[in-house]
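In: Next one to model:
(one chain, ligands or ions: 1)
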Amino acid sequence: MWTMTSAPLFPCGRFAPSPTGPLHFGSLVAALGSCLEARARGGRWLVRMEDVDRPRCRQAHADAILAVLEACGFEWDGAVLYQSARDARYRAVLADLRALGAVYPCGCTRAELAAAHPGIDGAPVYPGTCRGGLPPGKSARAWRLRLEGSIGFDDAVQGRQCQHLPRDVGDCVLLRADGLFAYQLAVVVDDADQGVDHVVRGADLIHSTPRQIYLQRLLGAPTPDYAHLPVAVDAHGQKLSKQTLAAPVDAAHAVPALFAALRFLGQNPPPELRRATSAEFWAWARAHWRLARVPRALGQPAPDYHEENIT
Ligand code: GLU
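Out: This next block holds a predicted model:
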């Protein structure tokens, strides 16, 4: 549990990649936007490896992501936090939530939930089968958070957002049937423990924010400011992701990639910055960054930033 006295005193932002593959252009945009905003606020900027979903994550991907960030000239504060080392902390917070009666055991299988209607993010809305206690014949597989009411927040890029939690997303899993903690729990605990006071990340996560705020309020944790950046989409309108095999950022083309990411974020860098040194790039970007210039869009086409394709 947190109390308001543990509210962060200093500005602090973070970039929180999941090491399920190499860093692609979409993640570079999130890294750049979060870093520039943290620095513009005079704050710290952390890198956290969200490797809570262990079967999908690899240390080799984490190492490669950090190597590309370094080659791009990113400088993060302190040591990288790995969620895979934090089970004991998540377990303690889940115990607090149990004591509050805010979570309940769920015996439903994925197959049983496949017929549930999709929520605002496309995932099935939990129909509440185990909400009032495990029905006879079912045994506990996962732990779910009981979500009630509506949550609104003012996103610095996308504007006012409002969600009716039971209707739009439904009770979410915090401890999975395979014994792993879920992203929704880990991200809230880590942002609070690390003193993160503003979150800049891709708009694919905007529908997760209200339930994260709900959890923060239950736990007495402060709610950070939120800014959700447009995500980079491919020619089919699909978000660039490791799953769609988006091209990794090439460390040999670091400045052109950073330049393209800065332009993607609406910052209008002068064309000659594309051929600048890394130090020149960062000096310009830090001096000129304005969150207010980021386009209010959930997605935008990813540019092709490789030398041979720019005329
Ligand atoms: N780990 C998430 C991702 O790579 C980001 C989570 C967050 O920024 O809250 O998409």
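In: Contact partners for the residue of the stretch 101-250 of the chain found nearest the ligand?
Out: Nearest residue of the stretch 101-250 of the chain to the ligand (CB to the nearest ligand atom) works out as Arg201 at 3.6 Å. C-beta coordinates here come from the backbone N, C-alpha and C atoms, glycine included. Going by CB atoms under 8 Å, 6 or more residues apart in numbering, Arg201 touches Ala16, Ala30, Ser34, Ala227, His228, Leu229.
In: beta partners of it?
Out: His228 (DSSP bridges).
In: Show the average pLDDT along stretch 267-284.
Out: Stretch 267-284 shows a mean pLDDT of 97.
In: ok, now which ones touch Val187?
Out: Counting by CB under 8 Å, 6+ apart, Val187 touches Ala16, Glu50, Ser208, Gln212.
In: Could you check the pLDDT of Gln238?
Out: 88.
In: burial count for it?
Out: Gln238: 13 surrounding residues under other CB atoms under 10 Å.
In: Return the residues in contact with it.
Out: Counting by CB under 8 Å, 6+ apart, Gln238 has contacts Thr244.
In: And it, how close does it get to Gly26?
Out: Gln238 sits 11 Å away from Gly26, going by CB to CB, to the nearest Å.
In: likewise Gly152?
Out: Per CB to CB, Gly152 is found 27 Å from Gly26.
In: Who has more neighbours out of these two?
Out: Shown here are Gly152 and Gly26; by other CB under 10 Å, Gly26 has more neighbours (27 against 10).
In: does His117 really touch Pro124, like I thought?
Out: Yes - assessed by CB atoms under 8 Å, His117 is found in contact with Pro124 at 7.0 Å.
In: who's more crowded, the two?
Out: Pro124 (16 against 8).
In: I figured the more buried one was touching Pro118, is that so?
Out: Yes - between Pro124 and Pro118 there is a contact under CB under 8 Å: 6.1 Å.
In: Output the below-cut-off pLDDT ranges for the stretch 101-250 of the chain.
Out: 242-243, 245 (pLDDT under 70).
In: Report the mean confidence score over the helix or strand where Glu37 lies.
Out: Assessed by DSSP states H and E, Glu37 sits inside helix 25-40. Averaged over helix 25-40, pLDDT sits at 97.
In: quick one on the thing from earlier: restrict the contacts of Val187 to contacts with the ligand.
Out: Restricting the contacts of Val187 to those within reach of the ligand (CB under 6 Å from any ligand atom) leaves Ala16, Glu50.
In: Closest to the centroid, which residue in the protein?
Out: Arg201 (5.4 Å; CA atoms, centre = their mean).
In: I'd assumed Ser84 was in contact with Asp190.
Out: No - Asp190 lies out of contact with Ser84 (CB under 8 Å); the separation is 11.9 Å.
In: Which one of these two is surrounded by more residues?
Out: Asp190 (21 against 18).
In: How about the host helix or strand of that one and the ligand, any contact?
Out: Mapping Asp190 onto the secondary structure by DSSP H and E places it in helix 183-193. Yes - contact of helix 183-193 with the ligand (CB under 6 Å from any ligand atom) involves Val187.
In: in the helix or strand containing Ile213, what's buried?
Out: Ile213 is part of helix 209-219, with elements assigned from DSSP H and E. Neighbour-count burial for helix 209-219 flags Thr209, Pro210, Arg211, Gln212, Ile213, Tyr214, Leu215, Gln216, Leu218, Leu219 (criterion: 16 or more other CB atoms under 10 Å).
In: Run through the neighbouring helices and strands of it.
Out: helix 87-99, strand 142-145, strand 150-155, strand 159-164, helix 165-168, helix 183-193 (3 or more CB pairs under 8 Å, 6 or more residues apart in numbering; DSSP states H and E).
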